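>>> Turn this into a model:
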Amino acid sequence: MRKNQENRFTMIKAVRTYLEEKQEIVSAIGELAENQAILNSIYESLKDKDNEKKTSYKGKAASKLANKESVIKSSMAVSAALFAYARKTGNIVISELTDITKSSLEIMRDTMLLEAMEGLRNLAASEINSLTPYGITQEKLDSFSEKITQYDESIGSTETGRVKRKGAVKTLKLLFKEADELFEVMDKLVNGIEEKEKQEFVRGYNDSRKIQNLGVRHRPADKETAQAVVVK
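A predicted model of the protein is given here:
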């Protein structure tokens, strides 16, 4: 969650806790008890979606980077063998296709790099019987092919994680909007309580509804400006 969302979430948690502590009073007001149940549901959904947002992308970027480095490293051996073979046999086409630098591969977009790796694998497969003297056997080519597959899968996993994260962010916004609309009703119900003996409950509820906006971190010299600002 963003800072302002964390502040609002903390407020929702405080209201939820306070109502549970005053369950006897809440239960006596049917509509308030019903809204309490809805608030509890929103609270749990917020926790779930925030966790989904945090974990949907976690580790996937690092895994993709590791697979990218691995497939590029293997490709250099394959391209070097093809290049040397092409130069020896006078195959200008293969020579030009395999005159590849590591730095040029590292700056490629994922889809372009994947296409280049698949093209290199297919070219090597067509000449595999001639590449053994240059250090590339079928076993090594199969290993290279497997690394391409792993890289391809990690690209898909990263994209899926990105989509899930965007969906979670959108859902969080909707849940907070739903909570705001719910509080419009709950605030009126609580502040409409007239019984004198329940005014302490009303005050406690309103206190729990305050959002503590702690702002940003400050240096010790700015301590006075870092005090919490209460927002209703």
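>>> Just the helices from the chain, written as ranges.
With DSSP state H as the criterion, the chain has helices at 3-21, 23-27, 30-55, 60-89, 92-97, 102-106, 110-126, 128-131, 138-191, 199-208.
>>> Reformat those as a markdown table; add mean neighbour count and mean pLDDT.
C-beta coordinates here come from the backbone N, C-alpha and C atoms, glycine included. A markdown table is the format used below for the helices of the chain (neighbours: other C-beta atoms under 10 Å; pLDDT from 0 to 100):
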| stretch | mean neighbour count | mean pLDDT |
| --- | --- | --- |
| helix 3-21 | 16 | 90 |
| helix 23-27 | 14 | 92 |
| helix 30-55 | 15 | 86 |
| helix 60-89 | 18 | 91 |
| helix 92-97 | 14 | 92 |
| helix 102-106 | 12 | 92 |
| helix 110-126 | 16 | 93 |
| helix 128-131 | 14 | 94 |
| helix 138-191 | 15 | 85 |
| helix 199-208 | 15 | 93 |
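>>> domain ranges for this protein?
3-58+163-231, 65-161 (automatic domain parsing).
>>> so Asn7 touches Ala14, yeah?
No: checked against C-beta atoms under 8 Å, the pair Asn7 and Ala14 is beyond contact range at 10.8 Å.
>>> Near Lys210, how many other residues are there?
As a burial measure, Lys210 scores 15 neighbours (other C-beta atoms under 10 Å).
>>> Please verify my assumption that it contacts Met11.
Yes: because the distance of 6.9 Å satisfies C-beta under 8 Å, Lys210 is recorded as touching Met11.
>>> now Gln199: how far from Asn35?
20 Å (C-beta to C-beta, to the nearest Å).
>>> give the contact list for Arg2.
Residues near Arg2 by C-beta atoms under 8 Å, 6 or more residues apart in numbering: none.
>>> Phi and psi next, for it.
Per-residue torsions, Arg2: phi -80, psi 170 (degrees, to the nearest 10).
>>> same question, Asn91
Backbone geometry at Asn91, expressed as degrees, to the nearest 10, gives phi -90, psi 100.
>>> from what I can see it touches Tyr85, true?
Yes: with contacts counted by C-beta under 8 Å, Asn91 reaches Tyr85, the gap being 7.5 Å.
>>> Please name the residues that touch Asn35.
Asn35 neighbours (C-beta under 8 Å, 6+ apart): 182, 185-186, 189.
>>> ok, now Asn67?
Taking C-beta under 8 Å, 6+ apart, one finds 147, 150-151, 154 in contact with Asn67.
>>> So which of those is the closest to Glu44?
Nearest to Glu44 among these: Ser154, at 32.1 Å, using C-beta to C-beta.
>>> wait, isn't that closest one in contact with Ala62?
No: between Ser154 and Ala62 there is no contact under C-beta under 8 Å: 9.6 Å.
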